[in-house]
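Asks: below: sequence and its predicted model.
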Amino acid sequence: MTAHGHVQQQNSTKLMSRAGAVSALTLAAVGGTMLAPGAATEAHAAPHAAKALNIAAAKKGSPYRFGAAGPHRFDCSGLTMYSFKRAGKKLPRTAAAQYNSARRVPASARARGDLVFFHSGGRVYHVGIYAGHGKIWHSPKTGAVVRLEKIWTNSVRYGRVR
């Protein structure tokens, strides 16, 4: 253990011994780590979500084709369905059906590997996989390819594959 690590451990021990009835969540927040039950940070996505994200990223440059679900061409929901299937999770075919099957996640709790649903007038029209730092992997439109892109609107909702 480094000297820094030893001092950090001593400080944590002192903090815990003085805590008394203070909750574990308060201690975690003081220590700089949020340990809320069910919460995930960008660095701690579920294993299947992280794997799906990596699979989508590996498809970089694959051409868009309406109705295609891989392995060489994709539309938006085809890419998410393909990526999660390869990661061991089944998703419905369309963006709207994927939205209905996902567990809602507030933007403040989004994690790498969550689905990002684009909506207008109550209708989901596009889906991608959250890559962190406000970006998604997606297959955007005819003439485009699978790519990493900044989320361009606030009209998005997040969902976690169950």
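Replies: Here it is on my side, so go on.
Asks: use CA for all of it now, contacts and neighbours both
Replies: Fine.
Asks: chain center to stretch 137-146: distance?
Replies: Offset of stretch 137-146 from its chain centre (CA atoms, centre = their mean, to the nearest Å): 19 Å.
Asks: touching that stretch from outside, list them.
Replies: Under the contact criterion CA atoms under 8 Å, 6 or more residues apart in numbering, stretch 137-146 has outside partners 53, 56-57, 59-66, 74-76, 79-80, 127-131, 147-149.
Asks: how does it look with 10 Å?
Replies: Stretch 137-146 is contacted by residues 53-66, 73-80, 113, 115-116, 126-131, 147-151 when judged by CA atoms under 10 Å, 6 or more residues apart in numbering.
Asks: same check, this time on stretch 89-104
Replies: Outside stretch 89-104, the residues that touch it by CA under 10 Å, 6+ apart are 48-49, 52, 67, 69, 75-85, 110, 114-119, 123-128, 157-162.
Asks: and with 7 Å instead?
Replies: Here stretch 89-104 makes contact (CA atoms under 7 Å, 6 or more residues apart in numbering) with 77-78, 81, 84, 117, 124-127, 158-162.
Asks: could I get those as TSV with pLDDT and secondary structure?
Replies: Below are the contacts of stretch 89-104 laid out as TSV (pLDDT from 0 to 100; DSSP: H, G, I helix; E, B strand; the rest coil):
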residue	pLDDT	secondary structure
Ser77	98	helix
Gly78	98	helix
Met81	98	helix
Phe84	98	helix
Phe117	98	strand
Val124	98	strand
Tyr125	97	strand
His126	98	strand
Val127	98	strand
Tyr158	98	strand
Gly159	98	strand
Arg160	98	strand
Val161	97	coil
Arg162	92	coil
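Asks: from the residues you listed, which two are the most distant?
Replies: By the measure CA to CA, Tyr125 and Arg162 form the most distant pair in these, at 21.0 Å.
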